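# give the three-dimensional model of this entry:
(chains A, B and C)
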Amino acid sequence: MMDSNPILKVSNLNIHFGSGDDLVKAVDGISFTVGRGETVALVGESGSGKSISSLALTKLAPRAAKYVAGEIHFNGQEMLSLSDRELRQIRGSQISYIFQEPMSSLNPVFTVGWQIKEAIGLHQKGVDRKSEIIRLLDVVHLPQRLATAYPHEMSGGQLQRCMIAMALACSPDLLVADEPTTALDVTVQREILNLLAELSEKVDLSILMITHNFGIVSDLADRVYVMQKGRIVEEGTTHKVLYEPQHEYTKQLMAAVPRLHPKPPASFTIENAKEGE
Amino acid sequence: MISNESKVKTLLKVDGLNVIYGHKKEAVHAVKDVSFYIKPGEIFGLVGESGCGKSSLGKAMVRLVDPASGRIGFKEANVAQLKGRALQEYRREVQMVFQDPYGSLNPRMKVGHAITDVLTVHRIGKNMEERRERVTELFEAVGLEPDWAWRYPHEFSGGQRQRICIARALALNPDLLVADEPVSALDVSVQAEILHLLKELRITRQLAFLFISHDLAVVRNLCDRVAVMYNGEIVEMGDVSKVIDHPQHEYTRTLLAAVPSF
Amino acid sequence: MSEKGKSLWGDAWLRLKRNRLAMVCLGLVVLFTALALYGEVVYRYHDWKDISPAYQKTNLDLAYQAPSSEHWMGTDGLGRDVMARLIQGVRIAYKVGIITSLIAIPIGVILGCLAGFFGGKVDDFIVWLYSTFASMPGLLFILAIAMVVPDNGLLGIYLGIGLTTWVGLCRLVRGEVIKHKEQTYVQAAKALGLGSGRIIFKHILPNISHVIIVTFSLRFPAAVGTEVIMSFLGIGVQGEPSWGLMIDSARMRLWQGMWWEMTFVTLAVFLLVLAFNLLGDALRDALDPRLND
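Numbers count the residues shown, from 1 in each chain, chains lettered A, B, ... in the order given. Here you go, the predicted structure:
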């Protein structure tokens, strides 16, 4: 399963906030890889450091963050040693992000077409932008007429598709999706998840998925890393981690996840069944 | 849709309820002709996607929203059109817990005071000393250190705040608690703890719940019966295992198929 | 950590006490307040005895004396002691600043709260009311009130300024209340059966107190400025030493090197405004429990 030549290789990353008594080790020596065309999930609860880790890939973590140690190898470059200018070149063109709140990620006063055009223009010169916008909207299954729509005229799912279109504008190698469906309804979430799965297949996109939802992990990810308090406590193929968790924390988490179709043998459902009657 | 419930003793019985926002041309019909009932000590789930009217329905139960028409029968009385003192009395018996544990506590008021304030308004307890004791009891009931009552909301985690909100709702000894997505903003492990607390309260206090959620898995594990709302209407209702394991309505099937699970 | 049963204001005071700068400012404010009270007592005493107080006695032989051990802040063009007049000036500044605030702030806060919280017709009426007030030229309005109100004194001015300056605060408060009204904690309070008055004044008001505090601390310089104009127009302070009049007369002689009157008066205005503003800021922070610990 492991790629011998991964597109992203993070080794022993340490990110701290504050100092002295207020020192917070937000990311405490984590290592992970994402292979080409692979979908990898970082799961954990709030405060586990999963979002900071994903932002750190292009040094987007908040200013107060200190990159104490570690290396981030992406496409043969060591990201932490790059200058701001070089990083800007990479952001958006080679590593793209989509976030939880599509509504606040788009500027309300411009049409989405204009915003996609801007994303194209930033990193690609000399392409026919009009046809490119249409192509991108098509990739995310949005009708062309929405190019002239403003964000408030669209639903949450459509906005997240626009965000994905913008993220794909420069055909990145890695898409970092930070809780991309948390704010969406389940049926819309399903559509977005299907779209991401389709993209990873069709364009051979590598996806780093940040989520707290094990259902999404099981649906989408090839491999998974479980984070707790800035550390990775368990890693492995999705099936193995979800069905044969080794670490105590993963086991607890799996027990806490409410199941749609609880299986009688598991201990927590017996209790539920009794009370449910 | 509703069948042979007439013989069961009900706590809350809603008939043909409509909630309409705005006037005439801009009117939004949020809840359309909804009927259901809740038995004492029952956990009744209400699921649906955003905009389906489930929150409006929940708010109508505690009369934060005034229904346009229909009947809300609570212990024999119709509370749909109550006003003034009678409404105040009703509010002792039906309480609400909201989704956002960060927004539902006044940031400039110590959490204990948020509770004593409610007690004062409803003239519970003879003096401040008695009300403080009541706060201590309530904090213990929801699994919090009583000493923490004299802190401000920002000093608590999301799960702790939700416990405080539950304690505040319990202050008036209600018979029905409307919980609007009470665990959606919480981490799974915290979510499990809060759900456990709700189950416990239902047993220790014979408390009935109207549990509003978008999360079918949570509803499956907590509720006795469930109603699925779509576009302001209840499209399917019944025992939770029946609805989720053998959905009848097309929309319920779509919803269930969309849930990522393993 | 917070102590048991203390109120928000009690906690704020504990936190304020820990802020050195705020305590210095509070000291200054207390000092100015004491001077204002002293000035009032002196004024009343001389008025009752019907004698001319020392700070009003002109002595042209002593005109334009630089600061000395006898006159710490020098003398003005009519040989009057600048320091004595400065202290009397505090009294006028306070009266204008505080009395007009006592009129304007409650009106602005109460109307703003009602408009924001209840909305609908109440809101329409209050917005209409303040738009009407705002559309009238303030100065004319003050003049009109000053004419109508009997008594030659400052009462007309207080009322005039007080009744015209609540509009800005009312707008701010209305906006803040609308914002807070939508928050869940207000919804929760309603569901718990709390009355509107209690929700507005006990729950929402502490959350928007910063608006009121900042407005209050900004009113002082404005009040002193208005007083200067009023006095200049001949409808305000007459004959009494006010900072406005002192600045007005001092600026004529400044180019001749008579720096002291201007310097000390502006210094006093500066210190008073600064003290109020810094204290206001510190109080605002102290009232926000999230900014502490």
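
# and whichever residue of the stretch 101-250 of chain A sits closest to chain C, how many neighbours?
Residue of the stretch 101-250 of chain A nearest chain C, by CB to the nearest CB: residue A:103 (16.8 Å). Placement of C-beta: from N, CA and C, glycine included. When neighbours are counted by other CB atoms under 10 Å in any protein chain shown, residue A:103 registers 15.

# who in the stretch 51-200 of chain C is up against chain B?
For the stretch 51-200 of chain C, the contact set with chain B under CB under 8 Å from any CB of the partner chain comprises C:183-185, C:187-195, C:198.

# and these, which of them are buried?
By neighbour count, with 16 or more other CB atoms under 10 Å in any protein chain shown, those hold C:183, C:184, C:185, C:187, C:188, C:189, C:190, C:191, C:192, C:193, C:194 as buried.

# distance check, the residue lying closest to residue B:133 once chain neighbours are set aside against residue B:138.
Leaving aside its sequence neighbours, residue B:133 sits nearest to residue B:125 (CB to CB, 6 or more residues apart in numbering or on different chains; 7.8 Å). Shown here: residue B:125 relative to residue B:138, a distance of 12 Å by CB to CB, to the nearest Å.

# ok, residue C:160 next?
Residue C:160 is 53 Å from residue B:138, where distance means CB to CB.

# with neighbour numbers in mind, choose between the two.
Remark: of residue C:160 and residue B:138, residue C:160 carries more neighbours, 29 against 23, as counted by other CB under 10 Å.

# so the more buried one sits against residue C:145, correct?
Yes: in terms of CB atoms under 8 Å, residue C:160 counts as a neighbour of residue C:145; the distance is 4.0 Å.

# regarding the residue nearest to residue B:133, what is its secondary structure?
coil (DSSP: H, G, I helix; E, B strand; the rest coil).

# show me the contacts for it.
B:119, B:131, B:133, B:134 (CB atoms under 8 Å, 6 or more residues apart in numbering or on different chains).

# quick one: which helix or strand includes the last one?
When you say that, I think you mean residue B:134. helix B:128-141 (DSSP states H and E).

# against which helices or strands is that helix packed?
helix B:111-121, helix B:158-170 (3 or more CB pairs under 8 Å, 6 or more residues apart in numbering or on different chains; DSSP states H and E).

# angle of it against helix B:158-170?
Per axes from the mean of the first three to the mean of the last three CA atoms, to 10 degrees, the angle that helix B:128-141 makes with helix B:158-170 is 130 degrees.

# in helix B:128-141, what's buried?
For helix B:128-141, by 16+ other CB under 10 Å, it's B:131, B:132, B:134, B:135, B:138, B:139, B:141.

# and what of stretch C:12-19?
So stretch C:12-19, judged by 16+ other CB under 10 Å, has buried residues C:12, C:15, C:16, C:19.

# repeat that for stretch B:171-183.
Neighbour counts over stretch B:171-183 (16+ other CB under 10 Å) mark B:171, B:172, B:174, B:175, B:176, B:177, B:178, B:179, B:180, B:181, B:182, B:183 as buried.

# now do stretch A:149-165
A:149-151, A:154, A:156-165.

# touching that stretch from outside, list them.
A:98-99, A:102-103, A:105-113, A:115-116, A:136-137, A:139-142, A:146, A:175, A:180-181, A:183-185, A:188, A:191-192, A:195-196, A:199, B:50.

# which of those residues are buried, as a PyMOL select command?
What follows is the PyMOL syntax for the buried subset of the contacts of stretch A:149-165, where burial is set by 16+ other CB under 10 Å:
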select buried, chain A and resi 98+99+102+105+106+111+112+113+115+116+136+137+139+140+142+146+175+180+181+183+184+185+188+191+192+195+196+199
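
# tell me which element residue A:71 is part of?
Going by DSSP H and E, residue A:71 is part of strand A:66-74.

# what comes into contact with that strand?
Under CB under 8 Å, 6+ apart, the answer for strand A:66-74 is A:7-17, A:29, A:56-57, A:59, A:61, A:78-80, A:90, A:94-95, A:174.

# quick one: name whatever helix or strand follows that strand.
strand A:77-78.

# give me the mean pLDDT for that following strand.
Averaging pLDDT along strand A:77-78 gives 90.

# so what strands line up beside that strand?
Looking at strand A:77-78 with DSSP bridges, its partner strands are strand A:66-74 (antiparallel).

# how about the CA coordinates for the partner strand, as CSV?
The C-alpha trace of strand A:66-74 is given here as CSV (Å, rounded to 0.1, in the frame of the first residue of the first chain):
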residue,chain,number,x,y,z
LYS,A,66,6.9,28.0,15.6
TYR,A,67,8.2,25.3,13.3
VAL,A,68,10.6,23.8,15.9
ALA,A,69,11.7,20.7,14.0
GLY,A,70,10.9,18.4,11.2
GLU,A,71,10.9,18.2,7.4
ILE,A,72,8.2,18.4,4.8
HIS,A,73,9.1,17.0,1.5
PHE,A,74,6.7,17.8,-1.3
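
# for chain C, what are the nearby residues on chain B?
Residues of chain B found near chain C (CB under 8 Å from any CB) are B:62, B:64, B:87-88, B:91-92, B:95-96, B:98-100, B:103-110, B:112-113, B:117-118, B:121-122, B:128, B:132, B:150-152, B:154-155, B:165, B:168-169, B:171-172.
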